[in-house]
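Peer 1: show me the folded form of this:
(chains A and B)
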Amino acid sequence: MEEADLLMPVSEYTAGVIEKYYGIPRHKIAVVHNGSRKVRAFKSRRKYDEKTVLFVGRLTPQKGPERFLEIADRVLQKNSDVRFVMAGVGEHFRSCLEKSSNQQIGNRFHMTGFLNLEKLRYLFSISDVYCMPSVSEPFGLSAVEAAQFGIPCVISRQSGVSEVLTGSMKFDHWDVNKAADCILNVLNNQVLRDKIVSDAANNLEGITWEVSAKKIINAYQHHQFI
Amino acid sequence: MPSVCFYFQVHQPFRIKNYSFFDIGETHLYEDEQKNREILDKVAEKCYLRTNQKMLSLIERHQGQFRISYSLSGTAIEQFERYRPDVLQSFINLANTGCVEFLRETYAHSLSFLYSRTEFDRQVDKHAALIKKYSNQEPKVFRNTELIYNNQLAQHLEQRGYKAALCEGADHLLKGRSPNFIYQPPEQSSFKLLLKNYKLSDDVAFRFSDRNWTEFPLTVDKFKDWVHAIAGNGDTINLFIDYETFGEHQWESTGIFNFLDYLPGEILKHPDFNFNPASEVVAAYPARATYDVHDWSSWADTERDLSAWLSNSMQEEAARRIYHLEEQIHSCKDENMLKIWEHLQTSDHFYYMCTKFWTDGDVHKYFSPFDSPYDAYMYYMNVYSDLECRLKQSLLSIKQNVKSVKVFSAQEKMPVQMIL
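Peer 2: Next comes the predicted model:
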């Protein structure tokens, strides 16, 4: 990084890490947020009554899967009519399954294992809240995908996507209470929910690859590459 | 005059399929019918038909002197009815000889005594009715799932009119005493206990074909000597064995059927020895001492406790949840739901979720239809979730119907009972 003339991280969050931990001067850094391809979103009818909170990601410490369990536990203490679905595989698969049984929420916590795109989109189409409790997330494209499906997102502040998806509820990844509170409120309060979803829809207009490309061109021009 | 008391356990669970989260609300077929049928077919050919035929010929050959006991789980009988009536008929043929006793157990081969006495009693009664139907027998001897036992069970069984129970002859409970006598639980005068002689039983069930065993090969001569050595120092030698030992766990090529063929004749050559089914052993001998079992014991794994089914959080959560549905299941009065609930109580489901990965882990793996204990738990809980949703809907519609009946009856001034 020291040798490079220009660094283009995908978020201010990563830019901060580069500056703080690697000592790279700020003027060499130009943030280019990820874009996202438009997906054809759809809604499906759930096959059960309970509202659904979704987690999608590799089950590694960085993604905070165990934090998701703690959040689920906290939510279920207040409202038992919610199901939590964890989609993905990884080193924490078994420990998450064991932990869910240990917390005695096995009846409301489901793990799907690896999913193909079709199944994943189906999950988005039935979910009521998307939760991304990442400990450290350069960007977090899955939250954008969730927003495209019109799902309100409850995401950790330690993620790049939280910078562009302002129509979302945010929490510090260690703050389980706040995350649970956000989820409960989004589930119970239609006004709040609608507002987040419509704000996120506006955000999505700016989260495209065209916008990213323009930022790259600007950065090149600014640094006189072209 | 010591008796040799053979008891054979016959059991098959209704295994569930890889029921994913996406199946919830989509399909209510939980059982892996194909697998259940395939396994039953395999065991029927390798073990049940073959061994039943052998037993029948031994009974005929020894003219009433070879007498044995079985316990058939309700789920096994249900599978025979559904897939292999010929196997069921072969057991009925054995019952008709008058030399074979069928013991009582819980219908679903379940852990119900640990979670609900009412469900336990219901299952025991259901099993008793099934056994009466096919064998016309009403024995008063009980064996709980995998010989799970403690003093409380004995007390409960005695109150229900039973005379005896089968249990493991565990070293730490026998404290140097012999398993070859009848024992009784503390503070119970008439109730009797038959203790498994686990050494001799497991010599046949587990070690018969073990080439690393110092006594390999196990010959009839050798085994009969061990049995005869008990003469004068025991009333009953309780050989409690999984029936699938014959032909399935110990393949035909090991010589297990020849062993079985010659064993009764050789044992009967000693004039002091006879073969008796459990009820007759209980009637023939007095209890000699007390067998005090505070903590649960069983015949499973090296620990001989409940750890095969209830030693990790997944097993505990799954079992706790399924028994928690009891009241709702009975409220919805749906025979099909009741049957599903019963099948989900079968102890095997929790056995598959066991994570003890040492010696016993291999045994668990051998029996499990799943890739891992985690898969077993995951699919079981998905099935549970679907069942829970259905119950909720069913109870809701019952409630709504009751409401509409009440409105109707008030308007028409008709007695509610007539409409109902």
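Peer 1: where does the prediction get shaky in chain A?
Peer 2: Nowhere does chain A drop to pLDDT under 70.
Peer 1: so the closest residue to chain B within it, which state does it fall into?
Peer 2: Distances between chain A and chain B by CB to the nearest CB are smallest at A:Lys47, namely 2.2 Å. All C-beta spots, glycine's among them, are computed from the backbone N, C-alpha and C. Recorded secondary structure, A:Lys47: coil (DSSP: H, G, I helix; E, B strand; the rest coil).
Peer 1: and it, how many neighbours?
Peer 2: 15 (other CB atoms under 10 Å in any protein chain shown).
Peer 1: with B:Glu60 instead?
Peer 2: By other CB under 10 Å, neighbour count at B:Glu60 equals 12.
Peer 1: quick one, what contacts the residue of chain A closest to chain B?
Peer 2: B:24-26, B:389 (CB atoms under 8 Å, 6 or more residues apart in numbering or on different chains).
Peer 1: give me the spatial nearest neighbour of it, chain neighbours excluded.
Peer 2: B:Gly25 (2.2 Å; CB to CB, 6 or more residues apart in numbering or on different chains).
Peer 1: all the strands of chain A, residue numbers only.
Peer 2: Along chain A, the segments classed as strands by DSSP state E run A:51-56, A:82-87, A:109-113, A:129-132, A:153-156, A:169-171.
Peer 1: could you report the neighbour count for whichever residue of chain B sits closest to chain A?
Peer 2: Proximity of chain B to chain A (CB to the nearest CB) peaks at B:Gly25, 2.2 Å away. With neighbours defined by other CB under 10 Å, the count for B:Gly25 comes to 16.
Peer 1: pull the contacting residues for it.
Peer 2: A:46-48, B:386, B:389.
Peer 1: just give me the closest of those residues to A:Cys131.
Peer 2: Within these, the smallest distance to A:Cys131 is 17.0 Å, found for A:Arg46 (CB to CB).
Peer 1: where's B:Ala287 relative to B:Pro186, distance?
Peer 2: 11 Å (CB to CB, to the nearest Å).
Peer 1: the more surrounded of those two?
Peer 2: B:Ala287 (20 against 12).
Peer 1: OK, contacts around the residue lying closest to A:Glu210 once chain neighbours are set aside?
Peer 2: What sits nearest to A:Glu210 in space, not counting adjacent residues and going by CB to CB, 6+ apart, is A:Gly35, at 7.0 Å. Counting by CB under 8 Å, 6+ apart, A:Gly35 touches A:207-213.
Peer 1: rerun at 10 Å
Peer 2: Going by CB atoms under 10 Å, 6 or more residues apart in numbering or on different chains, A:Gly35 touches A:10, A:141, A:144, A:164, A:206-213, A:215.
Peer 1: now, of these, which are buried?
Peer 2: Using 16 or more other CB atoms under 10 Å in any protein chain shown as the burial test, those include A:10, A:141, A:144, A:164, A:207, A:211-212, A:215 as buried.
Peer 1: now, which of these sits nearest B:Asp210?
Peer 2: A:Leu141 (56.3 Å).
Peer 1: B:Pro85 and B:Ser110, how far apart?
Peer 2: 25 Å.
Peer 1: more neighbours, those two?
Peer 2: B:Ser110 (32 against 11).
Peer 1: list the contacts of the more buried one.
Peer 2: Counted by CB under 10 Å, 6+ apart, B:Ser110 has contacts B:73-75, B:116, B:119-120, B:123, B:144-145, B:148, B:319, B:322-323, B:342-350.
Peer 1: one more time with 6 Å, if that's ok
Peer 2: B:Gln345 (CB atoms under 6 Å, 6 or more residues apart in numbering or on different chains).
Peer 1: show the pLDDT at it.
Peer 2: Listed pLDDT for B:Ser110 reads 98.
Peer 1: beta partners for it?
Peer 2: Note on B:Ser110: beta-bridge partners by DSSP bridges are B:Thr346.
Peer 1: what does chain A put close to chain B?
Peer 2: A:47-48, A:94, A:97-98, A:101-102, A:104, A:106-107, A:110-112 (CB under 6 Å from any CB of the partner chain).
Peer 1: ok, now with 7 Å
Peer 2: A:47-49, A:85, A:94, A:97-98, A:101-102, A:104, A:106-107, A:110-112, A:119 (CB under 7 Å from any CB of the partner chain).
Peer 1: just to revisit the earlier point, ok, which of the strands of chain A comes nearest B:Tyr377?
Peer 2: Per CB to CB, nearest to B:Tyr377 of the strands of chain A: strand A:109-113, 9.6 Å.
Peer 1: what lines up beside the closest one in the sheet?
Peer 2: Short version: by DSSP bridges, strand A:109-113 pairs with strand A:82-87 (parallel).
Peer 1: got the angle for the strand it pairs with vs strand A:51-56?
Peer 2: 20 degrees (axes from the mean of the first three to the mean of the last three CA atoms, to 10 degrees).
Peer 1: can you count the residues close to residue 187?
Peer 2: Went with chain A since none was named. If we define neighbours as other CB under 10 Å, then A:Leu187 has 21 of them.
Peer 1: not what I meant, chain B
Peer 2: Count around B:Glu187 with other CB under 10 Å applied: 11.
Peer 1: ok, it to A:Gln190 distance?
Peer 2: Following CB to CB, the distance that separates B:Glu187 from A:Gln190 is 64 Å.
Peer 1: now stretch B:321-335 - C-alpha only, PDB.
Peer 2: Output in PDB follows, covering the C-alpha atoms of stretch B:321-335 (Å, rounded to 0.1, in the frame of the first residue of the first chain):
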ATOM      1  CA  ARG B 321     -39.700 -29.500  22.800                       C
ATOM      2  CA  ILE B 322     -41.400 -32.600  21.600                       C
ATOM      3  CA  TYR B 323     -42.800 -33.500  25.000                       C
ATOM      4  CA  HIS B 324     -43.900 -29.900  25.500                       C
ATOM      5  CA  LEU B 325     -46.500 -30.500  22.700                       C
ATOM      6  CA  GLU B 326     -48.400 -33.200  24.700                       C
ATOM      7  CA  GLU B 327     -51.300 -31.000  25.700                       C
ATOM      8  CA  GLN B 328     -51.800 -29.500  22.300                       C
ATOM      9  CA  ILE B 329     -51.600 -32.900  20.600                       C
ATOM     10  CA  HIS B 330     -54.400 -34.300  22.800                       C
ATOM     11  CA  SER B 331     -56.500 -31.100  22.400                       C
ATOM     12  CA  CYS B 332     -56.600 -31.300  18.600                       C
ATOM     13  CA  LYS B 333     -57.900 -34.900  18.700                       C
ATOM     14  CA  ASP B 334     -56.400 -35.900  15.500                       C
ATOM     15  CA  GLU B 335     -55.200 -39.500  15.200                       C
END
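Peer 1: which residues sit against it?
Peer 2: A:106-107, B:115-116, B:119, B:337-338, B:341, B:344-345, B:384, B:388, B:391, B:394-395, B:398 (CB atoms under 7 Å, 6 or more residues apart in numbering or on different chains).
Peer 1: so how do I select the buried members of the residues you listed in ChimeraX?
Peer 2: Command for ChimeraX, covering only those of the contacts of stretch B:321-335 found buried under the criterion 16+ other CB under 10 Å:
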select /A:106,107 /B:115,116,119,337,341,344,345,384,388,391,394
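Peer 1: and chain B, which residues reach chain A?
Peer 2: Taking CB under 7 Å from any CB as the measure of proximity, chain B contacts chain A at B:20-22, B:24-26, B:313-314, B:317-318, B:321, B:374, B:377-378, B:381-382, B:384-385, B:388-389, B:392.
Peer 1: ok, and the closest non-adjacent residue to B:Pro13?
Peer 2: Using CB to CB, 6+ apart, the nearest residue to B:Pro13 is B:Asp348, at 3.8 Å.
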